[in-house]
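Engineer: Here is a sequence with its predicted model. Questions after.
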Amino acid sequence: PASPSPPELYLIDGTYFLYRAHFATAASPAVLTSSGIDTRTISAFTAFLHTILTSPPLAPNARVVIAFDGPDSTLRRRALLPGYKTSRPTRPREVADALPWARKICAALGIRDLSAASLEADDVIGICATLCAAHATRATIVSPDKDFNQLLLHDTIRILRPAGSSSLRDLAFFSAADFAAKYPGLAPPQFIDLLALMGDRADDIPGIPGIGEKLGIQMLRDFGSVERVLRAAASSTPTRRAAGRSKGSILAVLGKGR
């Protein structure tokens, strides 16, 4: 008989997909219940969950969990980097209204909610994926968040992310092999160093002015980490020493610790 497939855990970034469901349906006519609840966001979110559960059907030993950002989830990072995510607009009312219904639908579908008050969804997902790798369990992270690239050093971890279209049902896998092809010479754990050097506008991480992806990758190939890049800059020419002491270099190190 064929050997059973290894257990697998799907980890869904609930906050991202709830927002995406809202923006995917915001331009369509409102669909209200008799009590006045707008169902557009939650209907699109439910259709997305159905896609994860059925297309293709999950293996018998696969389980699905979800995490949403906790109400105090940005406090820890803002203690290090006060500007963290401050440019993001406030949460739309439709998303806030849909959240409790999203939780109820997940419970009805057997999708366990692992949210924690002081953690962002990606914190919870990263912890769970790392634990899966330590216990020979495949983890599929369902999220577009680039930060998860740093976890692809484990062959048992892969990412399922939007493939580029506006449809919540158009998803594609991204694996360790895909990372190696896209970022040659860069190890997955170094990806967070790359974002710290070049900045990440989505999370208001400033980075160091003048460093883009190509230069950042070359620096990490040569020196290995943000800290070593800055030490090398501070110990060379006067101009580079000034760069090593710059506000941008300090923010780069803080950005790595997000």
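Structural biologist: Perfect, thanks for sending it. Numbering: from 1, shown residues only.
Engineer: Quick check: closest non-adjacent residue to the residue nearest the centre of the chain.
Structural biologist: Central residue of the chain (CA atoms, centre = their mean): Asp145, 2.7 Å from the mean position. Excluding the flanking residues, the one nearest Asp145 by CB to CB, 6 or more residues apart in numbering is Asp122, at 5.3 Å. Using the backbone N, CA and C atoms, a C-beta is placed for each residue, glycine as well.
Engineer: What distance do you get for that neighbour to Pro188?
Structural biologist: Shown here: Asp122 relative to Pro188, a distance of 15 Å by CB to CB, to the nearest Å.
Engineer: out of these two, which sits in the busier spot?
Structural biologist: Asp122 (21 against 18; other CB atoms under 10 Å).
Engineer: got the contact list for the more buried one?
Structural biologist: Going by CB atoms under 8 Å, 6 or more residues apart in numbering, Asp122 touches Asp13, Ser143, Asp145, Asp147, Phe148.
Engineer: ok, what's across the strand from the first one?
Structural biologist: Right, Asp13. Beta bridges link Asp13 to Ala67 when assigned by DSSP bridges.
Engineer: SS state for the nearest residue to Asp147 once chain neighbours are set aside?
Structural biologist: Spatial nearest neighbour of Asp147, excluding adjacent residues (CB to CB, 6+ apart): Asp122 at 6.1 Å. Classification of Asp122 by DSSP: H, G, I helix; E, B strand; the rest coil places it in helix.
Engineer: related to what we said a few turns ago, just name the closest of the contacts of Asp122 to Phe179, please.
Structural biologist: Among those, Phe148 lies closest to Phe179 (CB to CB), at 10.3 Å.
Engineer: ok, the closest one touching Gly126?
Structural biologist: Yes: here Phe148 lies in contact with Gly126, judged by CB atoms under 8 Å, at a distance of 7.0 Å.
Engineer: Pull the distance from stretch 162-173 to the chain's centre.
Structural biologist: The chain centre lies 15 Å from the centre of stretch 162-173; the measure is CA atoms, centre = their mean, to the nearest Å.
Engineer: So which bits of it are buried?
Structural biologist: Neighbour counts over stretch 162-173 (16 or more other CB atoms under 10 Å) mark Pro162, Leu168, Leu171 as buried.
Engineer: Low-confidence stretches in the stretch 51-200 of the chain?
Structural biologist: 73-86, 165-166 (pLDDT under 70).
Engineer: contact partners of stretch 40-49?
Structural biologist: Outside stretch 40-49, the residues that reach it (CB under 8 Å, 6+ apart) are 12, 17-18, 20-22, 24-26, 28, 30-31, 94-95, 97-98, 101-102, 105-106, 109, 111, 168-169.
Engineer: and Ala67, how many neighbours does it have?
Structural biologist: 26.
Engineer: wouldn't it be in contact with Tyr16 here?
Structural biologist: No: judged on CB under 8 Å, Ala67 makes no contact with Tyr16 at a distance of 10.3 Å.
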